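Student: have a look at this prediction, sequence included:
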Amino acid sequence: MRQFNTFETENVILYCRVSSEEQAEGSSLDYQEMTLKSYCANHSYNVIMTKKEDHSAKSYNLDRPELKGILDYCRHHKGQVSKVLFLRWDRFARNLEFASKYKRVFIDELGVEINAVENPIDFHGTEWSTMLGIYCGVAHTEDEKIAKRTKDGIHGSLLKGKCCNKAPRGYKNVRYAKHDTEVVFDPIAAPKVKEAFAAVATGTECPNRVRQRLFPKMGKSTFTDMLHNVFYIGKIRVPAYNGEPEQIVDGLHEALIDLETFYKVQDVISGRKKNTPKLRIKLPHPDFFLRPYLVCPICGHAITASHSRSRNGNKYAYYHCSHDQKHLRVRAEQVNESFARYVGSLKPNATVLKYYEEALNDIRMEEQRDVRTTIKGIEDEISKLQGRIDKAMDAYLDNEITAEEKQGMVTRYNRDIARKEQQLETLKTANKTKLEPKLGYAISLIDNMKWVVEDAPTEAKLRLLSSMFPQKIVYDGESYRTATFNKVLDLIYQQTNELRGSKKVKEGKSSDLSSLVPGTGLEPALLSEHAPETCASTNSATRAGRIPISRNLVVGCFLIVVSSFPFLVPRTRLELARLNRHYPLKVACLPIPPPGQSFS
């Protein structure tokens, strides 16, 4: 061991510490300083510095500013300081690792003795390590016990639904007495939090844009954590503790956000939300709704549009080539009216549409049988989970498992039951939906495309054109042509013409419908010369030698008109999406008002 610094008059530094501001405001620091100075006076020590601070001594790192200042002073004035004195060892350190480490730094490296005046240790003897372990180890053990009791208390309070920390944004902590607190709404922040959840739930505005608009000073991660926080729906998240799994319990505070909005937000953030409306973009002028789709018949450049003012001041709308107006320049009224007539000329056969309806009903009945089977399976799983809960309770009463093990098992089973019940409710509700009224109206839309093009809002027209024409439309001033047409609608109209006999299939060449007709087995699927007037079902039509209609085509043709209509309830759309997974066809959304209502 290095020898201590010795002087005729020993220079000492006094160190006083308390753990909190409350103690600092009291007389504890003054008492420590008075006792230390009295001790120094009795031993003729020269006090060159007194340092006071309110800081915890539980850490094993030197994060105390005043003690760090003492260490720096001793290093810069090496050989000039004999001792650093404090009242008790728990004032210097309440961590055994810290005490051992900085005993080596002060005494062995700098030659400065550190000691307590109430329970000094003789570092020249052989028992100093034992005594240091006792004095600092007792304080260390006491802190560990206090920390465990505090954690146990917090965990128990969380299980009861109490908020043990600072309330999140939108709430505030109110203290009525020393041990009586409550969480209430913050009248200033709560409305903005509700507005943020409502905006994100719609899916029309990205979460980051909502954050910038409502909480410009909040970080992205903080805003995301706020949207995920179950505290806003009246719940408390209890972290895993002592082997118990993490769980969510009912809180004692009032919910700020309703469950439906909260889970919509979770779907938007995780990307699970279906049929999310796209962000609104700038729409073309109503007179020029064909501009994104037309190309010049001469040079192939895009067709643009603009208004021209005549000499008498009247404005007229024109479509013209973006490269050279001499190639094409036509009045917009003429272009739009001729396009409406072109779309209106597409007329499906009523008999074919009847086949589609009947085939869809057959498919729906099959799907309902599958749903009933799934519901029965989920109900059986719920019964099994209830039985496991009963067995866990019996095992606990028979002292076969501990209370913690029982609580963990019951929590896990209840969480599984809640998830199964939510699936069950969704399936039962979807299975009750009636599609017949909506089906009749949706099918009638196929026969009224001209009406949609003439009277629908611009956004609806754009969606219709995007669904019908995957590629650009060439307009030569009189007629329209396109390289490809929407495959589903194209099949509807081609099949209609074939059934009417307007297109005769030459011998040796297969019909365009051959890919849609199931392969022949023991009962060949023959194509009759004339379309049948009636049929009981698609199966009976096949057996009678009539035209069999592909299930893929039937569901696809129905989905293009029905699957995303706003007047259908969401669960109907979910049901149709489930059909579409089995018979996949990409379709476009076209918002059409219900029967009896006009566009507005």
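Tutor: Looks like it came in fine. In this text the structure is predicted, and so the values were computed from the model without any measurement.
Student: where does Thr50 sit, in terms of helix or strand?
Tutor: Using DSSP states H and E, Thr50 maps to strand 46-54.
Student: residue ranges for the helices of the stretch 101-250 of the chain, please.
Tutor: Secondary structure of the stretch 101-250 of the chain (DSSP state H, counting those that start in this stretch): helices at 128-159, 190-202, 207-214, 220-228.
Student: buried residues in the shortest one?
Tutor: Residues of helix 207-214 classed as buried: Pro207, Val210, Arg211 (neighbour count, 16 or more other Cβ atoms under 10 Å). Where you see a C-beta, it was placed from the backbone N, CA and C, and this is true even at glycine.
Student: with stretch 159-170 instead?
Tutor: For stretch 159-170, using 16+ other Cβ under 10 Å, the buried residues are Lys162, Cys163, Ala167, Pro168, Arg169, Gly170.
Student: now swap in stretch 331-341 and tell me
Tutor: Counting neighbours by 16+ other Cβ under 10 Å, stretch 331-341 gives Ala332, Val335, Asn336, Ser338, Phe339, Ala340 as buried.
Student: and the furthest pair within those residues?
Tutor: Ala332 and Ala340 (12.4 Å; Cβ to Cβ).
Student: surely Met409 and Met393 touch.
Tutor: No. Checked against Cβ atoms under 8 Å, the pair Met409 and Met393 is beyond contact range at 9.3 Å.
Student: low-confidence stretches in the stretch 301-450 of the chain?
Tutor: Flagging of the stretch 301-450 of the chain using pLDDT under 70 yields the residue ranges 347-356, 430-447.
Student: hey, which helix is longest across this structure?
Tutor: Longest helix of the chain, by residue count under DSSP state H: helix 350-397.
Student: and it, how far out from the chain's middle?
Tutor: Taking Cα atoms, centre = their mean, to the nearest Å, the mean C-alpha location of helix 350-397 is offset from the chain mean by 28 Å.
Student: next SSE after that helix?
Tutor: Scanning onward from helix 350-397 (DSSP H and E), the first element met is helix 403-431.
Student: got the buried residues for that next one?
Tutor: Lys406, Gln407, Gly408, Met409, Thr411, Arg412, Tyr413, Ile417, Lys420, Leu424, Leu427, Ala430.
Student: stretch 117-129 too?
Tutor: So, applying 16+ other Cβ under 10 Å, buried residues of stretch 117-129: Val117, Ile121, Phe123.
Student: what sits up against that stretch?
Tutor: 1, 35-36, 39, 85-89, 107, 113, 115, 131-132, 135 (Cβ atoms under 8 Å, 6 or more residues apart in numbering).
Student: run the last query once more with 10 Å
Tutor: With contact meaning Cβ atoms under 10 Å, 6 or more residues apart in numbering, stretch 117-129 is reached by 1, 3-4, 14, 32, 35-36, 38-40, 42-43, 85-91, 100, 103, 107-108, 113-115, 130-132, 134-135.
Student: restricted to strands, list the residues you listed.
Tutor: Using DSSP state E, the members of those that fall in strands are Leu14, Leu85, Phe86, Glu113, Ile114, Asn115.
Student: is there a neighbour count for Glu400? I'd like the number.
Tutor: Using other Cβ atoms under 10 Å, Glu400 has 12 other residues around it.
Student: residues in contact with it?
Tutor: Neighbours of Glu400 in contact, by Cβ under 10 Å, 6+ apart: Lys391, Ala392, Asp394, Lys406.
Student: any stretches of the stretch 151-300 of the chain with poor pLDDT?
Tutor: Flagging of the stretch 151-300 of the chain using pLDDT under 70 yields the residue ranges 272-282.
Student: repeat that with 50
Tutor: Residues of the stretch 151-300 of the chain that meet the criterion pLDDT under 50 lie in 275-280.
Student: how about the stretch 451-600 of the chain?
Tutor: Regions of the stretch 451-600 of the chain meeting the criterion pLDDT under 50 cover residues 495-600.
Student: can you put the buried residues of helix 403-431 in JSON lines and add distance to Ile257?
Tutor: What follows is the buried residues of helix 403-431, written out as JSON lines (distance: Cβ to Cβ, whole Å):
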{"residue": "Lys406", "distance to Ile257": "33"}
{"residue": "Gln407", "distance to Ile257": "28"}
{"residue": "Gly408", "distance to Ile257": "29"}
{"residue": "Met409", "distance to Ile257": "31"}
{"residue": "Thr411", "distance to Ile257": "24"}
{"residue": "Arg412", "distance to Ile257": "26"}
{"residue": "Tyr413", "distance to Ile257": "27"}
{"residue": "Ile417", "distance to Ile257": "24"}
{"residue": "Lys420", "distance to Ile257": "25"}
{"residue": "Leu424", "distance to Ile257": "25"}
{"residue": "Leu427", "distance to Ile257": "26"}
{"residue": "Ala430", "distance to Ile257": "26"}
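Student: show me what the helix or strand containing Leu71 is packed against.
Tutor: Element membership of Leu71, judged by DSSP H and E, is helix 65-76. If contacts are counted by 3 or more Cβ pairs under 10 Å, 6 or more residues apart in numbering; DSSP states H and E, helix 65-76 sits against strand 11-18, strand 46-54, strand 83-86.
Student: ok now the last one, how far from the chain's centre?
Tutor: Taking Cα atoms, centre = their mean, one finds the center of strand 83-86 at 57 Å from the center of the full chain.
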